[in-house]
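>>> I need the structure of the sequence given here:
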Amino acid sequence: MKNISLLLVTILFCNSVVFASQAAPTSGPAQIQAKEMLRAAKVKAEVQKRGIGEKSRVKAKLVNEAEVKGYISKIEEASFAVTDKKTGQTTTMLYADVQKIQGPGLSKGVKIAIVAGVGVFIVLVALGLYVRSLSG
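Model prediction:
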């Protein structure tokens, strides 16, 4: 009975992780415009939080799928500038044109997914060892 309970808990946990990552579909121009405004506000807040200077490195993915890497060199009301440290080239972009902005390294979501995956693996190995000890 303990094995069945542990298996059910594991399955429920895995399902909750999968369903939580799925977004609800939206439609309509008003909802799309509201989403875009919210995204632009989040990008602006993230840029302002990071500040200006060579230590404020970012990777910005634009709506047109282009990627800009460098450090934030200027922050304005409707736009910000990213300067590539190697080439010195500065790219100014509107907050609304940025799809996603993140710092260097792995994003928070990727780190959470890795930890969750390791946790599920450990639970499955422990479950396998437990079942093996019962039958052996």
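
>>> Kindly tell me how buried A126 is, as a neighbour count.
Residue crowding around A126 was assessed by other Cβ atoms under 10 Å; the count is 12. In this view, the C-beta of every residue, glycine as well, is placed from N, C-alpha and C.

>>> by contact count, what packs against the host helix or strand of it?
Per DSSP states H and E: A126 is located in helix 108-135. Contact here means 3 or more Cβ pairs under 8 Å, 6 or more residues apart in numbering; DSSP states H and E; on that basis helix 108-135 packs against helix 2-21.

>>> Counting residues, name the longest strand you see in the protein.
For the chain, the longest strand by residue count, based on DSSP state E, is strand 67-75.

>>> Summarise which helices and strands the helix or strand following that one is packed against.
Going down the chain from strand 67-75, the next helix or strand is strand 79-83, by DSSP H and E. Applying 3+ Cβ pairs under 8 Å, 6+ apart, one finds that strand 79-83 contacts strand 67-75, strand 90-94.

>>> neighbouring strands for the helix or strand that the last one is followed by, and are they parallel or not?
Spelled out, it's strand 90-94. Once the chain leaves strand 90-94, the next helix or strand it forms, by DSSP H and E, is strand 98-102. Using DSSP bridges, strand 98-102 pairs in its sheet with strand 57-62 (antiparallel).

>>> Residues contacting the partner strand, please?
The contact list for strand 57-62 (Cβ atoms under 8 Å, 6 or more residues apart in numbering) reads 47, 50, 67-72, 82, 93, 97-104.
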